[in-house]
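Sequence below, structure please.
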Amino acid sequence: MFLSINPENPQPRLIKQVVDCLKQGGVIIYPTDTTYGIGCDIFQRKAVKRIFQIKQRDQRKPFSFICRDLAEVSTYAQVSNYAFKVMKRHLPGAYTFVLDATKIVPDSLSTKQKTVGVRIPENAICQAIVNELGHPLVTTSANSSGDNTLQDPRDINDILGQQVDYVVDGGIYLNEASTVISLLDDRIVILRQGSGDTSWIE
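Presented below is the predicted three-dimensional model:
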């Protein structure tokens, strides 16, 4: 279903409609502050598997997930004082931070080394969905692995709409992914340069 939601003031009724779908194991496409993402409730195993199939992605390459705030990040990742200060300065924003996972993270979303990628995007629709859901949302760009990302939700709907339960239209967004930064061992390492500025990294 193609569902238009106000990008500045998301309608609570429509957000609840999307979240009810997620809680029942649904898969959605939704806007972040970078690309449109494919997502599901992180605790819905079958939905996570569906996203791997949609993406045609190796299951040894887990997806990142979106948290409501830094307090929630610390539930799912081991956050040192140093990492907390870095993330507090730059989130919400167009970054994915890689940290050691806690035991609560499902195996399908952590690497062999037990690390996770976490995001807090600066997007009202995305934040409303995660707040209503009450725990993190899987995030991966809305395309098949190796394909270009698309900016227009109607184009995304034409290509992927039949494979998901909702395509949430929040307007046209960038087609550049987030910047991925490792904070493991309190060292900043840029793993992927994306739309997040890295001029602050020495």
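
contacts and neighbour counts: CA atoms only from here.
OK.

Strands of the chain, residue ranges please.
Listed in chain order, the strands of the chain (DSSP state E) span 2-4, 28-31, 36-39, 64-66, 95-100, 115-119, 137-141, 166-169, 179-182, 189-192.

which residues pair with the residue nearest the centre of the chain across the strands?
The residue lying closest to the centre of the chain (C-alpha atoms, centre = their mean) is Thr139, at 2.8 Å. Beta-bridge pairing of Thr139 under DSSP bridges involves Ser64.

what do you get for Val167?
Note on Val167: beta-bridge partners by DSSP bridges are Phe2, Ile29.

For it, which residues are in contact?
The neighbours of Val167, taking C-alpha atoms under 8 Å, 6 or more residues apart in numbering as the test, are 1-3, 28-30, 153, 157, 161.

swap in His90?
So His90 contacts nothing (C-alpha under 8 Å, 6+ apart).

Next, work out how far apart it and Gly171 are.
His90 is 24 Å from Gly171, where distance means C-alpha to C-alpha, to the nearest Å.

go on, Gln24?
Computed as C-alpha to C-alpha, the Gln24 to Gly171 distance reads 26 Å.

out of the two, which sits in the more crowded spot?
Remark: of Gln24 and Gly171, Gly171 carries more neighbours, 15 against 12, as counted by other C-alpha atoms under 10 Å.

returning to what we had before: am I right that the residue nearest to the centre of the chain is in contact with Tyr36?
No. If you go by C-alpha atoms under 8 Å, Thr139 and Tyr36 don't touch, sitting 9.1 Å apart.

what stretches of this structure score poorly on pLDDT?
Low-confidence segments of the chain, defined by pLDDT under 70: 145-146.

can you give me the helices for this protein?
For the chain, the helices defined by DSSP state H cover 12-23, 45-55, 70-76, 81-90, 124-133, 153-160.

Just the C-alphas of the first one, formatted as PDB.
It stands for helix 12-23. Presented in PDB, the C-alpha positions along helix 12-23 are these (Å, rounded to 0.1, in the frame of the first residue of the first chain):
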ATOM      1  CA  PRO A  12      -0.600  10.000  14.400                       C
ATOM      2  CA  ARG A  13      -3.400   7.900  13.000                       C
ATOM      3  CA  LEU A  14      -1.300   7.000   9.900                       C
ATOM      4  CA  ILE A  15       1.800   6.400  12.000                       C
ATOM      5  CA  LYS A  16      -0.200   4.000  14.200                       C
ATOM      6  CA  GLN A  17      -1.500   2.200  11.000                       C
ATOM      7  CA  VAL A  18       2.100   1.600   9.900                       C
ATOM      8  CA  VAL A  19       3.300   0.500  13.300                       C
ATOM      9  CA  ASP A  20       0.400  -1.900  13.700                       C
ATOM     10  CA  CYS A  21       1.600  -3.500  10.500                       C
ATOM     11  CA  LEU A  22       5.200  -3.700  11.800                       C
ATOM     12  CA  LYS A  23       4.100  -5.300  15.100                       C
END
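
who touches that helix?
5, 27-28, 40-41, 44, 125, 128-129, 132-133, 165-166.

again, only this time at 6 Å
40-41, 129, 133 (C-alpha atoms under 6 Å, 6 or more residues apart in numbering).
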